[in-house]
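Chemist: mind folding the following:
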Amino acid sequence: MSESADGPPRQIDQRTRAAFVAVYTRDHPRLVGFVLRRTGDRGVAEDVAAEVFRIAWERIDEAVPTSPWLFVTARNLTMAHHRAAQRSAAVRQRLIDAGLGRSDDADGGRSERIGEALEALPAQQRELLTAHYWDGLSGAECAALAGCSVGAVWVRLHRARAALRIELDKPKGA
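Modeler: You can find the predicted model right below:
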């Protein structure tokens, strides 16, 4: 039996299960290598390969995955990973440009410190900062997301930036 996110466990016949295991055994190392060459990060490569096979398993009722399908899916997930990394770097840079980074870091851990400082903020402040700086939402869009006026968004954003500055000014590890 297999777990289904949409309902009760489903029956997978032995032949289908054996075919899936054979594909996994054959293609998993190749997929990890494929992604590793594109990312340079073994952890990311393992995560992407795992996600590819999770998706394949969820679709097992449609067909046992083929190598081309697996590699196209891996390529798409790798591209999504790169886009997410670019967005993450961009938001960190926007926060630094907004005066929320520390120039004495020369990015020797500054990006990591910003991520840690964001995590230390209350969820509402973190959400507003990431929506505005990461996702590029306007004041009006942030207002719709937060369920408040545009004026309130700017006040909340000001307070969130101040709270982030306080977190960033704390000694590392405090």
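Chemist: so where do the strands sit in the protein?
Modeler: Ranges of strands within the chain are 2-4, 7-10, based on DSSP state E.
Chemist: and Thr16, what does it touch?
Modeler: 60, 64 (C-beta atoms under 8 Å, 6 or more residues apart in numbering). Bear in mind the C-beta positions are built from the backbone N, C-alpha and C, glycine included.
Chemist: now do it, the pLDDT please.
Modeler: At Thr16, the predicted lDDT confidence score is 91.
Chemist: got it, and the one 10 residues further on?
Modeler: The predicted local confidence for Arg26 comes out at a pLDDT of 92.
Chemist: separation between it and Pro65?
Modeler: 11 Å (C-beta to C-beta, to the nearest Å).
Chemist: that older thread, need the least confident one among the strands of the chain, by mean pLDDT.
Modeler: Among the strands of the chain, strand 2-4 carries the lowest mean pLDDT (a mean of 48).
Chemist: okay, Arg26 and Pro65: which has more neighbours?
Modeler: Pro65 (21 against 12; other C-beta atoms under 10 Å).
Chemist: tell me the contacts of that one?
Modeler: Pro65 sits in contact with 20, 23, 56, 59, where contact means C-beta under 8 Å, 6+ apart.
Chemist: phi first, then psi, for the last one.
Modeler: Listed backbone geometry of Arg59 is phi -100, psi 10, with angles given as degrees, to the nearest 10.
Chemist: pLDDT weak spots in the protein?
Modeler: Counting by pLDDT under 70, the chain shows low-confidence ranges at 1-10, 99-111, 135, 173-174.
Chemist: in it, which residue is closest to the centre?
Modeler: Compute the mean C-alpha point of the chain, and by C-alpha atoms, centre = their mean the closest residue is Ala84, 5.9 Å away.
Chemist: residues near the spatially closest residue to Leu168 that is not a sequence neighbour, how many?
Modeler: Once flanking residues are discounted, Leu168 sits nearest to Ala117: 4.9 Å by C-beta to C-beta, 6 or more residues apart in numbering. Neighbour count of Ala117, defined by other C-beta under 10 Å: 22.
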